[in-house]
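Colleague: I'd like to go over a predicted model; first the sequence, then the structure.
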Amino acid sequence: MIEVAGTAPVLVTRTEATAPDSIDLRHGAGGRYAGVWVLVMHGDRPVGTLELDHPGETVEASTLRGLIAERFAGELREPPFRFPEVSALPEASVVVATSLTRPQALSAALRRLEGLDYPAYEVLVVANGPDAGRVHDLLDTSALPRTRLLAERRPGASAARNRGLAEAKGEIVAFTDDDDEVDTKWLRALASHLLEPDAGAAVGLVVPAALETAAQVWFEHSARRTRSLYVPARFRLAAPEGRFAGAASLLRPTVVRESDGSAPQRTSLYATGEFGTGSNMAFRTAFLRELGGFDESLGPGTPARSGEDLALLVAVLAEGAPLVYEPGAILSRGLRESFAELEDQLRGYGTGFTAMLTSLVWRRPRHALGLLGAVPRAPRWLRGGGDGPGGPPRPGEVRRLGRADRLGMLVGPGAYALSRLRQGRSGPSGSGRSRSGRSRSRHAA
């Protein structure tokens with residue numbers, strides 16, 4: 001990968017591998033971009049990224065073409081990938097939970113969702129928070145014929161998502177956030193992996209919407225995990241093997257990642273950062289309802305702050321159902337602009353991570369054994385990075401980010417307990433239970 005040695009801002013763009021256009025590096029606010037981050041497409045899937053530091057105002061098409069041909073020679077030997085034009089895809093529901101605090105971003109997200117390349121779908125906007133009851137007054141959907149507005153007064157994004165799940169008419173249900181931008185073929189890309197009856201979940205690629213600040217550049221360069229995987233992958237719970245297979249599956253539950261052209265890789269069931277993100281995932285609706293949906297004691301709007309998506313993906317894998325990663329399901333996400341905002345975000349991630357682990361143990365105590373062999377560590381991206389396209393942040397900033405995440409991890413279990421207390425329920429809602437309240441898992445780790 002070609003690294004960017006300059007400083008922010010960095011232009012975010014994409015190009016077709018075989019027919020790139022010249023890139024104008026002049027910035028709308030004056031001056032020019034210090035570099036460019038290019039998502040290189042080959043048909044309907046990306047093959048990777050180029051990160052270029054350039055002294056001039058333009059990256060010429062001929063230069064870009066040569067760099068792409070050199071960097072992606074192997075990938076370009078294959079014909080461009082295209083998603084099948086299947087008109088008989090099942091009806092889908094897209095759920096967008098919103099607190100109505102970002103009206104402009106929400107309106108832009110809904111306009112993009114109205115234009116998806118998909119034969120039959122609906123968009124469910126579930127308002128959550130103090131203004132939920134005024135959602136019909138605050139949002140004009142006259143130009144959004146597919147969009148349906150719902151109000152959910154219970155606090156938390158998980159409660160809003162569960163309301164959307166309950167109301168969904170589609171055979172497939174997908175989730176995204178109110179400040180994200182999805183690609184036109186996003187829903188088709190996810191749904192194409194959910195046609196089989198045993199399909200568990202499908203997740204997609206997350207790319208930055210903008211890299212205007214040093215904090216955004218550093219985070220993007222150092223936070224790459226599944227979202228940097230540019231080939232489809234399939235995750236499944238490893239089957240127990242050997243004389244002591246039963247004990248091993250309890251003490252070290254393992255997930256196998258399989259992708260074309262590479263040997264299977266194994267990772268802990270609790271390494272959830274490898275599996276996907278809640279703003280870019282889809283499920284068969286009936287299957288997700290049987291699982292019980294999202295744990296409403298986790299996620300934004302609760303003391304736990306996050307972790308609801310990770311808990312759900314662990315539950316899918318623990319069921320023995322496969323999880324598919326599709327890089328052609330592209331979502332652009334806005335990143336925190338300052339290191340102070342990033343510090344708060346990382347504290348929330350740390351809180352949500354250990355809150356999620358607490359949730360797993362609460363509903364299935366056997367997870368406590370598995371966690372003994374997978375003691376949570378600081379996220380890999382806190383140990384890496386620092387040489388990204390925006391240049392290394394000051395050491396003090398890096399230390400503060402690490403401390404924020406670790407502090408969050410320390411308070412996560414207590415935050416989950418407080419969240420459950422506020423929910424006022426005897427058990428976590430939406431946490432691997434069917435609507436009858438009975439766990440249906442036969443393959444839990």
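Modeller: Arrived safely, thanks for sending.
Colleague: Please count neighbours and contacts with C-alpha atoms only from this point.
Modeller: Fine.
Colleague: show me what contacts the residue lying closest to residue 336 once chain neighbours are set aside?
Modeller: Nearest non-adjacent residue to residue 336, counting by C-alpha to C-alpha, 6 or more residues apart in numbering: residue 342, 5.6 Å away. Counting by C-alpha atoms under 8 Å, 6 or more residues apart in numbering, residue 342 makes contact with 215, 336, 401.
Colleague: Among those, which are located in helices?
Modeller: 215, 401 (DSSP state H).
Colleague: most neighbours, which of the contacts of residue 342?
Modeller: residue 215 (24 neighbours; other C-alpha atoms under 10 Å).
Colleague: Give me the local confidence score for that residue.
Modeller: At residue 215, the model reports a pLDDT of 88.
Colleague: And for residue 102?
Modeller: 86.
Colleague: my read: it touches residue 177, true?
Modeller: No: Residue 102 is beyond contact range of residue 177, at 10.9 Å (criterion: C-alpha atoms under 8 Å).
Colleague: More neighbours: which of the two?
Modeller: When neighbours are counted by other C-alpha under 10 Å, residue 102 and residue 177 differ, and residue 177 comes out ahead with 21 against 11.
Colleague: Which residues does that one form beta bridges with?
Modeller: residue 97 (DSSP bridges).
Colleague: tell me the contacts of it?
Modeller: 96, 97, 98, 279.
Colleague: Toward the C-terminus, what is the element adjacent to the lengthiest strand in the chain?
Modeller: When the chain is parsed with DSSP state E, its longest strand is strand 323-333. Next helix or strand after strand 323-333 toward the C-terminus (DSSP states H and E): helix 339-363.
Colleague: buried sites along the very next helix or strand once past that next one?
Modeller: Counting by DSSP H and E, the next helix or strand C-terminal to helix 339-363 is helix 367-372. Under the neighbour-count criterion of 16 or more other C-alpha atoms under 10 Å, helix 367-372 has 367, 368, 369, 370, 371 buried.
Colleague: just stretch 264-273 next, same as before
Modeller: For stretch 264-273, by 16+ other C-alpha under 10 Å, it's 267, 268, 269, 270, 271, 272.
Colleague: Pick out whichever of those sits closest to residue 15.
Modeller: Using C-alpha to C-alpha, residue 272 comes nearest to residue 15 of the buried residues of stretch 264-273, at 30.7 Å.
Colleague: Let's have the buried residues of stretch 264-273 in JSON lines, adding secondary structure.
Modeller: Listed next are the buried residues of stretch 264-273 as JSON lines, based on DSSP: H, G, I helix; E, B strand; the rest coil:
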{"residue": "267", "secondary structure": "strand"}
{"residue": "268", "secondary structure": "strand"}
{"residue": "269", "secondary structure": "coil"}
{"residue": "270", "secondary structure": "coil"}
{"residue": "271", "secondary structure": "coil"}
{"residue": "272", "secondary structure": "helix"}
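Colleague: which one of those residues sits closest to residue 146?
Modeller: residue 272 (32.9 Å).
Colleague: Identify the residues contacting residue 185.
Modeller: With the criterion set at C-alpha under 8 Å, 6+ apart, residue 185 makes contact with 116, 117, 118, 328, 329.
Colleague: mind running it again at 6 Å?
Modeller: residue 117 (C-alpha atoms under 6 Å, 6 or more residues apart in numbering).
Colleague: got it, and residue 333?
Modeller: 180, 208, 209.
Colleague: Tell me the spacing between the residue nearest to residue 413 when sequence neighbours are not counted and residue 404.
Modeller: Nearest non-adjacent residue to residue 413, counting by C-alpha to C-alpha, 6+ apart: residue 355, 4.9 Å away. Taking C-alpha to C-alpha, to the nearest Å as the measure, residue 355 falls 15 Å from residue 404.
Colleague: State the helix or strand in which residue 119 lies.
Modeller: Under the criterion DSSP H and E, no helix or strand holds residue 119.
Colleague: For residue 355 and residue 404, work out which one has more neighbours and name it.
Modeller: Shown here are residue 355 and residue 404; by other C-alpha under 10 Å, residue 355 has more neighbours (33 against 21).
Colleague: The more buried one contacts residue 418, correct?
Modeller: No: Residue 355 is not in contact with residue 418 according to C-alpha atoms under 6 Å; the separation is 10.4 Å.
Colleague: as a whole number, average confidence for stretch 408-417?
Modeller: Rounded mean pLDDT across stretch 408-417 is 95.
Colleague: So which bits of that stretch are buried?
Modeller: 408, 409, 411, 412, 413, 414, 415, 416, 417.
Colleague: what do you get for stretch 350-360?
Modeller: Quick answer for stretch 350-360 (16+ other C-alpha under 10 Å): 350, 351, 352, 353, 354, 355, 356, 357, 358, 359, 360.
Colleague: With stretch 75-85 instead?
Modeller: 76, 80.
Colleague: Straight-line length of it, end to end?
Modeller: 23 Å.
Colleague: pretty sure residue 404 contacts residue 348?
Modeller: No: with contacts counted by C-alpha under 6 Å, residue 404 stays clear of residue 348, the gap being 8.4 Å.
Colleague: Hmm, which of the buried residues of stretch 264-273 is lowest in pLDDT?
Modeller: residue 272 (67).
Colleague: can you tell me which of the buried residues of stretch 408-417 are in helices?
Modeller: Short answer: these in helices (DSSP H) are 408, 409, 411, 412, 413, 414, 415, 416, 417.
Colleague: nearest to residue 252, of the buried residues of stretch 264-273?
Modeller: Out of the buried residues of stretch 264-273, the member with the shortest distance to residue 252 (by C-alpha to C-alpha) is residue 268, at 7.1 Å.
Colleague: SS state for the residue nearest the centre of the chain?
Modeller: Closest to where the C-alpha atoms of the chain average out (C-alpha atoms, centre = their mean) is residue 277, at 2.2 Å. Put simply, residue 277 is coil when judged by three-state DSSP.
Colleague: would residue 41 count as being in a strand?
Modeller: Yes: counting by three-state DSSP, residue 41 is located in a strand.
Colleague: wait, doesn't it sit right on residue 16?
Modeller: Yes: counting by C-alpha under 6 Å, residue 16 is a contact partner of residue 41 at 4.8 Å.
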